[in-house]
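[1] give the three-dimensional model of this entry:
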Amino acid sequence: MSGQHDDGHHPEPESFPALRTRALESLLIEKGLLSSDAVDRLVSYFEQDIGPLNGAKVVARAWTDPDFKQRLLADGTAALAEMGYGSASMDILVLENTPSVHNVVVCTLCSCYPWPVLGLPPTWYTSSAYRSRMVMQLRAVLREFGLELDESVEIRVWDSTSEVRYMVLPERPSGTERMSAEDLAALVTRDAMIGVAKVKAPAAVGSGAAR
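    Purely as a prediction, here's the structure:
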């Protein structure tokens with residue numbers, strides 16, 4: 001799924017901070033102090049690369065280090081600080097997905113997000129469609145992301161706040177037991193750490209072919 005929910009609603013009006021930021025960006029571009037390409041690259045850098053890469057490293061370590069995983073689930077804020085991904089302004093709780101329980105993160109009031117480990121939130125995460133429908137139509141929304149869960153799986157939706165943010169520890173895919181932490185981190189996606197996707201093993205590993 002591309003990430004945009006097409007629910008037939010008109011786009012939401014931008015908030016005052018968003019409008020102010022856009023005006024400042026336009027002014028800097030007009031004065032030749034900033035290019036639109038540079039802005040796009042910077043946003044992509046934090047949304048797709050730096051942030052999610054931090055979280056992926058955390059997940060890979062939890063999959064390969066049982067002691068760290070225990071600390072991560074007991075006190076996510078402290079365990080993340082061990083890896084240099086902490087923040088004094090928020091606590092981060094880590095939720096483990098299992099074959100019987102699937103966790104999903106949302107922020108129903110605004111767009112609170114665990115940016116130290118996931119970077120900038122995707123546009124769909126901040127939309128009113130996701131914020132409302134993930135609570136009322138969660139299985140339908142997950143299907144739109146391409147995630148079909150068996151009816152026997154319990155789905156738990158966690159509502160982030162300004163003080164407490166959530167990160168999902170996805171299930172480790174079968175067939176990856178011999179993969180290094182670095183290779184495992186490359187499999188972990190931002191969407192899997194929000195809970196709208198699962199981590200998939202590489203085709204060669206998943207099919208049992210030699211690496």
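
[2] what sits up against the helix or strand hosting Ile92?
    Ile92 is part of strand 91-96 when elements are defined by DSSP states H and E. Around strand 91-96, the neighbours that count as contacts under CB atoms under 8 Å, 6 or more residues apart in numbering are 58, 62, 72-73, 76-77, 79-80, 103, 105, 114, 116-117, 156, 158, 163-169, 195. Just so you know, the C-beta spots here come from the backbone N, C-alpha and C atoms, and that holds for glycine as well.

[3] go ahead and confirm Leu187 touches Pro173.
    Yes - assessed by CB atoms under 8 Å, Leu187 is found in contact with Pro173 at 7.2 Å.

[4] who has more neighbours, these two?
    The residue with more neighbours, out of Leu187 and Pro173, is Leu187; 21 against 17, by other CB atoms under 10 Å.

[5] and Met167, what element?
    Element membership for Met167, per DSSP H and E: strand 164-169.

[6] could you do Arg156 as well?
    Assessed by DSSP H and E, Arg156 sits inside strand 154-159.

[7] partner residues bridging His102?
    Ile155 (DSSP bridges).

[8] all helices of the chain, in order?
    Along the chain, counting by DSSP state H, helices occupy 16-30, 36-44, 51-64, 66-74, 76-82, 115-118, 123-126, 128-136, 138-144, 181-185, 190-194, 203-206.

[9] can you list the low-confidence ranges for this structure?
    In the predicted model, the chain carries pLDDT under 70 at residues 1-51, 204-211.

[10] redo that, cut-off 80
    Within the chain, the stretches with pLDDT under 80 are 1-51, 203-211.

[11] what's Gln72 in contact with, if anything?
    Small correction: residue 72 is Leu, not Gln. Applying CB under 8 Å, 6+ apart, the residues near Leu72 are Val58, Ala62, Ala79, Leu80, Val94, Leu169.

[12] same thing but at 7 Å, please
    Taking CB atoms under 7 Å, 6 or more residues apart in numbering, we find Leu72 in contact with Ala62, Ala79, Val94.

[13] ignoring the adjacent residues along the chain, who's closest to it?
    Nearest residue to Leu72, sequence neighbours excluded (CB to CB, 6 or more residues apart in numbering): Ala79, at 4.0 Å.

[14] my guess is that neighbour contacts Arg71, does it?
    Yes - at 4.4 Å, Ala79 counts as touching Arg71 under the criterion of CB atoms under 7 Å.

[15] and for Tyr113, the neighbour number?
    23.

[16] that one reaches Val164, doesn't it?
    No - assessed by CB under 7 Å, Tyr113 is found out of contact with Val164, at 11.8 Å.

[17] about what we covered before: list buried residues within the contacts of strand 91-96.
    The neighbour-count test (16 or more other CB atoms under 10 Å) marks 58, 62, 72, 76-77, 79-80, 103, 105, 114, 116-117, 158, 164-169, 195 as buried among the contacts of strand 91-96.

[18] ends of stretch 145-162, what's the gap?
    Criterion CA to CA, to the nearest Å; first-to-last residue distance in stretch 145-162 is 26 Å.
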